[in-house]
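Colleague: Dropping a prediction and its sequence here:
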Amino acid sequence: MSFVPTNDGHEIYYEVHGTTGPTLVLVSGYMGIANICQSLLAKLSPKYRCIVYDLRGVPRHAADLDAVIKALGDKVDERIILLTHSMGGNIATAYYHTKPQSVMGVVFTGLTSTASSSKTS
């Protein structure tokens, strides 16, 4: 079991699968834990170095995407691809806006929007 400490005293559980190809970080949705990605990892890890982690407040501890990426250092490509689900899309979007130079691409799945539309006459 691998954990990364955060700046605010929490720990993040993470797993790395695969050793070749671009780095693909799976960012799950609300209450997401690394375990839910296992079937997807079996298909992706032969072509990508996949990183999965638990979101803050879930069973195996807490954290943030940046702490995981920094802690893995040389195991992570210079630019990563974020594969998101649900709320993970919001996390990836926020990460991209703070570190655009670190992101090669973002894949959004199951994303919902809370943006409101305004009507004009």
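Modeller: Everything's here; your move.
Colleague: Stretch 1-13 spans what distance, first to last residue?
Modeller: By C-alpha to C-alpha, to the nearest Å, the extent of stretch 1-13 from end to end equals 7 Å.
Colleague: same check, this time on stretch 67-82
Modeller: End-to-end distance for stretch 67-82: 15 Å, by C-alpha to C-alpha.
Colleague: Could you shift the numbering so residue one becomes 277, and keep it that way?
Modeller: All set: I'll call the first residue 277, so the last point we hit is now stretch 343-358.
Colleague: Report the buried residues of that stretch.
Modeller: 343-345, 347-348, 352, 356-358 (16 or more other C-beta atoms under 10 Å). In this view, the C-beta of every residue, glycine as well, is placed from N, C-alpha and C.
Colleague: Out of those, which sit inside helices?
Modeller: 343-345, 347-348 (DSSP state H).
Colleague: For the buried residues of stretch 343-358, give me CSV that also has pLDDT.
Modeller: Output for the buried residues of stretch 343-358, formatted as CSV (pLDDT from 0 to 100):
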residue, pLDDT
Ala343, 80
Val344, 80
Ile345, 80
Ala347, 83
Leu348, 82
Val352, 78
Ile356, 88
Ile357, 89
Leu358, 88
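Colleague: and which of those residues is nearest Phe279?
Modeller: Ranked by distance to Phe279 (C-beta to C-beta), the buried residues of stretch 343-358 are led by Ala347 at 9.1 Å.
Colleague: dump the residue contacts of that closest one.
Modeller: Shown in contact with Ala347 (C-beta atoms under 8 Å, 6 or more residues apart in numbering): 280-281, 290.
Colleague: how close does Glu354 get to Leu341?
Modeller: As judged by C-beta to C-beta, to the nearest Å, Glu354 and Leu341 stand 16 Å apart.
Colleague: and the least confident helix or strand in the chain by mean pLDDT, how far out from the chain's middle?
Modeller: Of all helical and strand segments in the chain, the minimum by mean pLDDT, DSSP states H and E falls on helix 341-348, at a mean of 80. Here helix 341-348 is found 10 Å from its chain centre; the criterion is C-alpha atoms, centre = their mean, to the nearest Å.
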